[in-house]
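>>> turn this into a structure:
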Amino acid sequence: MKQIGQEHFYNIGVSYKKADAEMRGKFSVSKKNQTALLSAAKEKGVTSIFIISTCNRTEIFGFASRPCLLIELLCAFSEGNAAEFNTICNIHKDQDAISHLFRIGTGLESQILGDYEIVGQLRHSLKLSKKLKTTNAYIERLVNSVLKASKRVKNETKLSSGTTSVSYAAVQYIIENLPDYNSKNILVFGLGKMGKHTCKNLAEYTRNKQVCLVNRTEEKAIQFVKEHASIRKSTIENLNSEVANADVLIVSTGADKPTITKAHLSQQKKILILDLSMPENVAKEVTDYAGVSLVNVDELSKITDKTLAVREQEIPFAEAIIETHKTEFNEWLNIRRFTPAIAALKESLESIKKDEISFQKKKIRNFDESQAEILTTRFIQKITTQFVKHLKDEETSVSESIEVIQKVFQS
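Numbering: from 1, shown residues only. This next block holds a predicted model:
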């Protein structure tokens with residue numbers, strides 16, 4: 001790992017706070033391109049990096065001499081460009097980047113407060129970076145600290161109380177906008193995590209027995225409907241006829257390009273389409289047909305829930321937990337930063353100890369070497385502890401401290 005201090009730890013990205021669904025879609029990075037981006041990072045000299053790309057955000061964290069190196073990578077492996085990025089971006093450095101990751105990982109930055117789907121995505125991101133060898137001890141320790149904080153926030157606060165997520169919001173939207181929703185034909189297209197959650201929420205919060213599932217990989221759909229008997233499975237070959245039969249179409253395909261276009265629809269057909277994908281998987285042109293109502297992720301996230309009021313009261317408790325784990329991480333970081341100076345001091349003291357014990361063995365009859373070893377070792381520990389306290393002074397330079405040690409002990 002490069003010595004901390006030679007480069008800065010940066011975060012660059014876009015999120016729902018500044019970018020709408022269309023713009024976030026431009027900067028979304030597919031799984032295939034995430035692998036390519038991490039591999040390309042090595043060629044740019046960015047050796048420690050990981051990326052998160054979800055429906056609400058795309059974030060890159062890594063060590064670089066300049067943040068523009070990370071921005072160039074994002075633009076190279078997404079559909080966005082630097083000019084667009086500059087109008088909607090966030091850029092964080094060092095401690096601000098650390099704080100930002102803690103807030104993301106604990107649900108404080110989720111579009112729906114307390115939504116923890118990001119935790120699984122964060123684990124996947126770290127796993128991918130480790131596989132491609134684009135991570136280091138700093139990043140691994142930081143992400144693990146964030147995951148520990150996230151677990152505590154989930155278990156010890158009510159930040160995730162109640163049921164609130166995009167998939168839940170989709171079902172709530174149907175309930176609130178279709179008075180006879182239990183008798184409507186509902187088609188779910190796509191069985192990723194979002195699709196699965198949507199199907200489960202439909203089963204839990206409605207009595208609709210006319211839910212159909214279509215997925216490109218049929219084996220996954222077969223297994224899913226075995227466990228959820230109320231849902232009917234159809235095949236991708238029958239997509240057009242199933243769409244024609246549907247009153248509600250929920251799209252969660254997670255593709256790079258639209259999977260539903262005007263070609264799938266009829267001008268005479270009245271249909272509600274909920275697009276849960278990022279980038280958006282329903283072509284905007286479908287709204288050229290008067291009977292089509294299209295709702296995307298941003299619209300669904302506006303659905304308020306009384307549980308959000310409870311969650312907002314829990315923010316200070318979550319922030320206190322974050323502060324504890326962030327402090328622990330920074331203490332580890334400081335000790336790691338001081339390691340070269342501490343090692344230099346210990347090496348010098350051990351050399352003096354060895355020479356002195358050797359000298360006293362020759363000079364003193366019946367010299368107790370074991371007692372001398374214990375005593376001098378304790379002295380070294382106490383001196384080292386005091387030295388660490390000295391180094392923790394913010395004005396102390398590690399390199400200057402090593403120079404002082406060399407001058408003192410080489411004289």
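>>> which stretches of the stretch 151-300 of the chain form helices?
166-177, 193-205, 218-227, 239-245, 297-301 (DSSP state H, counting those that start in this stretch).
>>> do the same with the stretch 1-150 of the chain
For the stretch 1-150 of the chain, applying DSSP H, counting those that start in this stretch gives helices covering 21-26, 31-43, 68-76, 82-88, 95-105, 117-131, 137-156.
>>> could you dump those to a markdown table with distance to residue 352, mean neighbour count and mean pLDDT?
Every C-beta, even on glycine, is put in place using the N, C-alpha and C of the backbone. Listed next are the helices of the stretch 1-150 of the chain as a markdown table, based on distance: least, C-beta to C-beta, whole Å; neighbours: other C-beta atoms under 10 Å; pLDDT from 0 to 100:
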| stretch | distance to residue 352 | mean neighbour count | mean pLDDT |
| --- | --- | --- | --- |
| helix 21-26 | 61 | 19 | 92 |
| helix 31-43 | 43 | 16 | 94 |
| helix 68-76 | 45 | 20 | 96 |
| helix 82-88 | 56 | 14 | 96 |
| helix 95-105 | 38 | 21 | 97 |
| helix 117-131 | 42 | 17 | 93 |
| helix 137-156 | 31 | 18 | 95 |
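>>> dump the ones you listed to JSON lines, plus distance to residue 198.
Output for the helices of the stretch 1-150 of the chain, formatted as JSON lines (distance: least, C-beta to C-beta, whole Å):
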{"stretch": "helix 21-26", "distance to residue 198": "17"}
{"stretch": "helix 31-43", "distance to residue 198": "21"}
{"stretch": "helix 68-76", "distance to residue 198": "29"}
{"stretch": "helix 82-88", "distance to residue 198": "28"}
{"stretch": "helix 95-105", "distance to residue 198": "23"}
{"stretch": "helix 117-131", "distance to residue 198": "13"}
{"stretch": "helix 137-156", "distance to residue 198": "22"}
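>>> for the ones you listed, which one sits closest to residue 225?
helix 117-131 (22.9 Å; C-beta to C-beta).
>>> what's the closest one in contact with?
34-35, 38, 49-52, 54, 104-105, 107, 110, 135, 139-140, 143, 146-147, 150, 165, 193 (C-beta atoms under 8 Å, 6 or more residues apart in numbering).
>>> contact partners for residue 58?
Contacts of residue 58 (C-beta under 8 Å, 6+ apart): 13, 14, 15, 24, 27, 28, 29, 51, 52, 74, 78.
>>> which strand residues bridge it?
Beta-bridge partners for residue 58, by DSSP bridges, are residue 14, residue 53.
>>> that one and residue 27: what is the separation?
Distance, residue 58 to residue 27, using C-beta to C-beta, to the nearest Å: 5 Å.
>>> with residue 207 instead?
Distance from residue 207 to residue 27, by C-beta to C-beta: 40 Å.
>>> same check on residue 281?
Counting by C-beta to C-beta, the gap from residue 281 to residue 27 is 16 Å.
>>> same check on residue 242?
From residue 242 over to residue 27 the distance is 32 Å, taken as C-beta to C-beta.
>>> and residue 300, by the same measure?
20 Å.
>>> quick one, which of those two is more surrounded?
A count of neighbours by other C-beta atoms under 10 Å puts residue 27 above the other of residue 300 and residue 27, at 25 against 22.
>>> got any ranges where the stretch 101-250 of the chain has weak pLDDT?
In the predicted model, the stretch 101-250 of the chain carries pLDDT under 70 at residues 161-164.
>>> what's in contact with stretch 292-305?
Contact with stretch 292-305 is made by 16, 20-21, 55-56, 111-112, 162, 164, 166, 169-170, 172-173, 176, 265, 269-278, 280, 282, 284, 286-287, as judged by C-beta under 8 Å, 6+ apart.
>>> may I see the buried residues of that stretch?
Burial within stretch 292-305, assessed by neighbour count using 16 or more other C-beta atoms under 10 Å, is assigned to 292, 294, 295, 296, 297, 298, 300, 301, 303, 305.
>>> can I see the domain layout of this protein?
Using automatic domain parsing, the domain parsing of the chain gives 8-161, 166-304, 343-410.
>>> select, out of the ones you listed, the one closest to residue 326.
Closest to residue 326 of those, according to C-beta to C-beta: domain 8-161, at 5.8 Å.
>>> show me what contacts residue 388?
Neighbouring residues of residue 388 by C-beta under 8 Å, 6+ apart: 335, 338, 342.
>>> is it true that the second one lies in a helix?
I take that to be residue 338. Yes. Using DSSP: H, G, I helix; E, B strand; the rest coil, the assignment for residue 338 is a helix.
>>> and it, how many residues sit next to it?
Neighbour tally, residue 338, other C-beta under 10 Å: 19.
>>> residue 385 is in contact with that one, correct?
No. Residue 338 is beyond contact range of residue 385, at 11.8 Å (criterion: C-beta atoms under 8 Å).
>>> what about the residue lying farthest from the centre of the chain, distance to residue 237?
Distance from the C-alpha centroid of the chain peaks at residue 365, with 65.7 Å (C-alpha atoms, centre = their mean). Shown here: residue 365 relative to residue 237, a distance of 97 Å by C-beta to C-beta.
>>> got it, and residue 368?
Residue 368 sits at a distance of 88 Å from residue 237 (criterion: C-beta to C-beta).
>>> equivalent analysis for residue 291, please.
Counting by C-beta to C-beta, the gap between residue 291 and residue 237 amounts to 25 Å.
>>> and those two? Which one has more around it.
Between residue 291 and residue 237, residue 291 has the larger neighbour count (other C-beta under 10 Å), namely 13 against 10.
>>> which residues touch the more buried one?
Counted by C-beta under 8 Å, 6+ apart, residue 291 has contacts 267, 268, 269, 270, 271.
>>> what about 10 Å?
By C-beta atoms under 10 Å, 6 or more residues apart in numbering, residue 291 lies in contact with 265, 266, 267, 268, 269, 270, 271, 272.
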